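Visitor: predicted structure and sequence below. I'll ask about it afterward.
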Amino acid sequence: MSLILTLMGSLVLVMALAGAAFGAFATWATRRFLRGAPGGPVDLPAVTILRPMRGAEPEGDANLQSLCDQDYAGPVRIILGADSAEDPAFIAAGRLKAAFPDRDIVLVADPTPHGTNRKLGNLINMSAQVRGEIFVISDSDVRLPPGGVSALVGALQQPGVGLAYGLYRGRPTGNLWSRLAALDINARFASSVVVGQALGAHPVLGPTMAVSAEALAKAGGFERLKDVLADDFELGRMVREQGLSIACPPLLIDHVFPERSLKDVWSHELRWARTIRLLNPGGYVGSAITYVLPLALIGAVLSGLAPWSLAALAMLTALRLIQCLVLCRLMQADRGVIWLFPLRDALSFAVFLAAFFGDRIEWRGSRLRVKANGVMAST
């Protein structure tokens with residue numbers, strides 16, 4: 001039995017080593033990606049920025065103002081929508097409109113329901129006000145850099161491109177749980193997306209996307225997305241069905257993480273994980289190697305804490321901490337809690353395992369069931 005356990009431990013340590021090698025490649029790929037220069041737009045088509053909103057967001061006013069701080073020289077319409085004029089986010093949108101009277105800002109308060117995805121229902125209600133050839137869909141917890149719209153439009157104007165998205169870094173709101181949530185994005189998730197992009201896996205990140213109005217209309221519009229949880233994944237698939245490709249310009253947007261407790265972190269990340277597992281089970285299982293430190297610890301324990309396994313654990317811990325530091329520096333992200341990365345990695349691995357069991361999620365106070373095709377239903 002001890003021999004079997006040792007062999008199992010050795011196998012798990014090999015997986016951890018493979019994950020560390022993947023992490024080294026991901027770090028290099030992220031450095032290369034961020035050193036690129038976003039291409040500017042060839043011409044200046046009319047753009048509509050759509051921001052669906054619900055509830056008060058930490059740093060929400062600054063996130064909204066970033067839409068007005070864009071350096072894009074073409075015509076821009078900003079549509080801010082909520083399902084109630086009493087919503088705190090809608091009230092904040094009114095303050096933005098008053099502060100920028102020279103901007104084309106349209107406010108939409110419409111409670112009409114459309115499907116189970118309330119964000120898409122909001123977008124459907126806003127869509128009557130859209131103008132122009134390009135739509136930029138940006139979540140309310142996102143802060144765009146000044147060149148964000150220009151970079152997305154430039155990427156979308158490349159031959160054969162139908163959708164462009166922005167890579168994001170986690171922006172914590174100050175408390176420990178928020179910083180730990182952002183750390184996973186900055187030290188693991190974002191670099192994995194860069195690798196997937198480089199290998200042709202066609203990832204799409206939903207916090208900010210730009211899509212041509214023509215491609216969206218041919219795909220069936222927002223109505224086709226009204227019942228799916230991973231609307232970004234589905235929109236990417238709809239675009240690829242038309243023979244178009246997906247692009248990601250070398251820029252970083254800020255995704256604000258408002259988590260205040262372990263429960264907030266757990267429910268948010270479990271929703272993501274279950275969605276990915278249901279939509280891409282093979283890729284999800286393969287992502288196990290990215291949890292290097294939990295695997296290294298399990299391998300050492302199975303090997304009876306033999307000196308060689310403890311040495312491997314120590315080496316892998318040091319290597320992952322260095323990778324974490326380098327990635328956070330590259331992304332100009334919070335580095336104050338890097339010393340907690342082993343704990344962060346253990347929590348991420350626990351979420352990874354929990355996602356294999358059940359199909360229920362919590363999303364903005366609602367409990368929903370996600371089917372294998374990504375469609376949501378009320379529980």
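Guide: Received, thanks. Residues are numbered from 1 along each chain as shown.
Visitor: excluding covalently adjacent residues, which one is nearest to Ala312?
Guide: Using CB to CB, 6 or more residues apart in numbering and skipping the chain neighbours, the partner closest in space to Ala312 is Leu13 (5.4 Å). (Glycine included, C-beta is placed from N, CA and C.)
Visitor: I misspoke; the intended subject was Gly196.
Guide: Leaving aside its sequence neighbours, Gly196 sits nearest to Pro203 (CB to CB, 6+ apart; 4.6 Å).
Visitor: quick one: which helix or strand includes that neighbour?
Guide: Per DSSP states H and E, Pro203 falls between elements, in no helix or strand.
Visitor: just the pLDDT at the residue nearest to Ala312, thanks.
Guide: Per-residue confidence at Leu13 stands at 93 (pLDDT).
Visitor: do I have it right that it meets Ser309?
Guide: Yes - contact criterion CB atoms under 8 Å: Leu13 and Ser309 qualify, at 6.4 Å.
Visitor: can you list residues touching both of those two?
Guide: 299-300, 303 (CB atoms under 8 Å, 6 or more residues apart in numbering).
Visitor: if any of these are buried, put those into a ChimeraX selection.
Guide: The ChimeraX command for the buried members of those (criterion: 16 or more other CB atoms under 10 Å) is given here:
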select :299,300,303
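Visitor: could you dump the shared contacts of Leu13 and Ser309 to a markdown table with pLDDT?
Guide: Output for these, formatted as a markdown table (pLDDT from 0 to 100):
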| residue | pLDDT |
| --- | --- |
| Gly299 | 93 |
| Ala300 | 92 |
| Ser303 | 89 |
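Visitor: okay if I get the shared contacts of Leu13 and Ser309 as CSV plus distance to Asn280 and secondary structure?
Guide: Below are the shared contacts of Leu13 and Ser309 laid out as CSV (distance: CB to CB, whole Å; DSSP: H, G, I helix; E, B strand; the rest coil):
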residue, distance to Asn280, secondary structure
Gly299, 26, helix
Ala300, 30, helix
Ser303, 32, coil
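Visitor: and which of the shared contacts of Leu13 and Ser309 is nearest to Gln129?
Guide: The shortest approach to Gln129 among the shared contacts of Leu13 and Ser309 belongs to Gly299, at 56.0 Å (CB to CB).
Visitor: so Gln323 touches Trp28, yeah?
Guide: No - applying CB under 8 Å as the test, Gln323 and Trp28 come out as separate, 10.0 Å apart.
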